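[1] How does the following fold in three dimensions:
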Amino acid sequence: MSEQANTCVFTTMRFDGKSSVAHYYLHLKRLQEHAFRVGIKWPINAEKIANEAIIDEFANHNLPVNQPGLIRLELNYQGFMQAKIRAFSIGDGDLSSVRKVTSTALPAPQWNDEINGCKHGDWKPYHDAMDIAKERNCEIALLIKEDTVLDCNSSTPLLLDDDGVAWYPNVRDGSVESISLISMLNGLKDSGIPICQGRITKTLLSRGRELVAVGTGISVVQITHIDGQLIGDGSTTFSKLCHNIYVKQLKNSWHKIQEARK
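    As a prediction, this is how the structure comes out:
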């Protein structure tokens, strides 16, 4: 399992239907960190290579005008970087409201301490989790270890506790650092929401007010049920706040690839 993980690292970015991607340099920074952790050498001219790969991929497709999509940037163990459009459109195109979704709990995949929390070449368990969630008529898979939510299959959970503190998983426990969530933290703090990175336990879930999931592909969604059990107190105030902060940060994050530094 670990050998396959060491073959590559990747990151998935949102594009705007033109020539811009969101949170570009944050994605490159995380990609470099993950490469270091799995033992892949970071190219000296990585930014130039990444830009060329994305430009080439955009040039090979007729992008839906003003329709956001997803593009994956991958670096393999041989130092080769490529970009591939993963989705030509994503369902939150107008970003006008918070979607409500249901979830199912599944065992979190485990590798070793260096690989856990990286986006790497052995990503099939995450795809399998999504397939199982769909089979159970759910949109989100919560990945669990020892009664603790470590991650979601394609996003990061954020729970508002009954005391008003927002919790998200600690990367040291194996969760993937969320670019979207990191971009939102200052906005949450400025809105008076204390933030705590730690363990989202079964007890914490049971008393939480609202549970949301944040991710590049889904933006912000509110999780209303876990395996049929109601989560939260029925309020949507926190979910709407997260959504509004996400939208604001996204608007300020667009980077035109052609304008990248040489």
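[2] neighbouring contacts of stretch 13-25?
    Stretch 13-25 is contacted from outside by 27, 54-55, 58, 63-73, 85, 90, 179-180, 183, 216-217, 250, 253-258, 260, using Cβ atoms under 8 Å, 6 or more residues apart in numbering. No exception for glycine: its C-beta is placed from N, CA and C like everyone else's.
[3] Also stretch 180-199?
    23, 26, 148, 156, 158, 160, 164-171, 173, 214-216, 219, 238, 241-242, 245-246, 248-250, 253.
[4] Let's see which of these end up in strands.
    Under the assignment DSSP state E, these contribute 148, 156, 158, 160, 166-169, 214-215, 219 to strands.
[5] Which of the contacts of stretch 13-25 are buried, as a PyMOL select command?
    Here is the PyMOL command that picks out the buried ones among the contacts of stretch 13-25, judged by 16 or more other Cβ atoms under 10 Å:
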select buried, resi 27+54+58+63+68+69+70+71+72+73+85+90+179+180+183+216+217+250+253+254+255+257+260
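[6] where does the stretch 1-150 of the chain dip in pLDDT?
    Along the stretch 1-150 of the chain, the parts satisfying pLDDT under 70 run over 1-2, 91-96.
[7] quick one, helices of it?
    Under the criterion DSSP state H, counting those that start in this stretch, the stretch 1-150 of the chain contains helices at 2-5, 24-38, 46-59, 124-135.
[8] Adding distance to residue 201, write those helices out as CSV.
    Converted to CSV, the helices of the stretch 1-150 of the chain look like this (distance: least, Cβ to Cβ, whole Å):
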stretch, distance to residue 201
helix 2-5, 27
helix 24-38, 26
helix 46-59, 38
helix 124-135, 20
